[in-house]
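In: Please find the sequence and the predicted model below.
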Amino acid sequence: MSFAIMKKGQRFMLYTFNGTETPDKECNESENYWKLIKEQGIIVNHADELGFPNKNRVLFQFDCDVKALGLECHNEKPTALWILKTDLKEIN
């Protein structure tokens with residue numbers, strides 16, 4: 001799939017986080033977003049539409065409760081994180 005045609009509302013699965021499958025050894029537990037690998041969700045927004053500095057990211061809203069996993073989530077949308085487009089795999 002071309003990353004240029006990722007659409008809002010389209011369903012994906014997180015298969016890596018920041019391009020890797022495992023966190024750094026020094027990773028804080030509240031920032032261990034690798035726990036979300038294999039979780040599904042939808043694209044809510046594109047970085048360029050909201051003026052987010054990294055244009056290679058989308059605001060991705062997970063189906064699961066991110067905070068319930070003990071992870072920080074600082075976005076207006078609940079359970080949503082800025083995710084690299086390349087970390088997502090389309091699901092049908």
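Out: Right, received. Where do you want to start? Numbering: from 1, shown residues only.
In: looking at the protein, which helix or strand does the model trust least?
Out: The weakest-scoring helix or strand in the chain, judged by mean pLDDT, DSSP states H and E, is helix 47-50 (a mean of 88).
In: In which helix or strand does the residue nearest in space to the middle of the chain reside?
Out: Compute the mean C-alpha point of the chain, and by CA atoms, centre = their mean the closest residue is Ile83, 3.4 Å away. Take DSSP states H and E as the rule and Ile83 turns out to sit in strand 80-84.
In: Give me the distance from that strand to the chain's centre.
Out: Strand 80-84 has its C-alpha centroid displaced from the chain centroid by 3 Å (CA atoms, centre = their mean, to the nearest Å).
In: Quick check: what element follows that strand along the chain?
Out: Next in sequence after strand 80-84, counting helices and strands by DSSP H and E, comes strand 88-90.
In: buried sites along that following strand?
Out: Within strand 88-90, the residues that count as buried by 16 or more other CB atoms under 10 Å are Leu88. (Each C-beta comes from the backbone N, C-alpha and C, glycine too.)
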